[in-house]
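Novice: got a predicted structure plus its sequence, pasted below:
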Amino acid sequence: QAQLVESGGGSVQAGGSLRLSCAFSRVIYCMAWFRQAPGKEREGVARFYGIGHTAYADSVKGRFTISRDDAKNTLYLEMNSLKPEDTAMYYCAAHFSCPSEAAEYRYWGQGTQVTVSS
């Protein structure tokens with residue numbers, strides 16, 4: 001079992017920055033951030049895979065950075081140059097393999113809302 005708790009969401013203006021955090025109860029290497037906007041499917045934002053590899057959605061490349069501090073049991077998502085289209089509920093997820101699809105992740109947090117105004 002693993003518990004995940006996100007924090008750090010909020011409302012910002014376009015061009016602003018936020019850092020999301022996800023506290024996890026046990027270290028699982030394969031972790032990821034997903035987001036879901038109203039009326040849309042949950043989509044992958046960033047994830048760890050392999051040994052030290054990260055992957056990003058094309059829409060966030062160069063703006064978002066995923067990182068982790070296992071000593072603090074915390075996963076991060078640094079979000080810069082935010083756009084209104086980044087508005088969504090953001091979730092962290094973990095699994096024992098490193099899938100790319102949301103449906104394959106076993107553990108999920110409750111989500112944190114990010115709202116970007118123009």
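Specialist: That came through, no problem.

Novice: centroid-nearest residue for the chain?
Specialist: Nearest residue to the geometric centre of the chain (Cα atoms, centre = their mean): residue 33, 2.3 Å.

Novice: which phi and psi does the residue lying closest to residue 15 once chain neighbours are set aside have?
Specialist: Once flanking residues are discounted, residue 15 sits nearest to residue 81: 6.1 Å by Cβ to Cβ, 6 or more residues apart in numbering. Using the backbone N, CA and C atoms, a C-beta is placed for each residue, glycine as well. Residue 81 adopts backbone torsions of phi 50, psi 50, taken as degrees, to the nearest 10.

Novice: equivalent analysis for the one 5 residues further on, please.
Specialist: Geometry field for residue 86 lists phi and psi as phi -80, psi -10, criterion degrees, to the nearest 10.

Novice: so it touches residue 79, yeah?
Specialist: Yes: here residue 86 lies in contact with residue 79, judged by Cβ atoms under 8 Å, at a distance of 6.9 Å.
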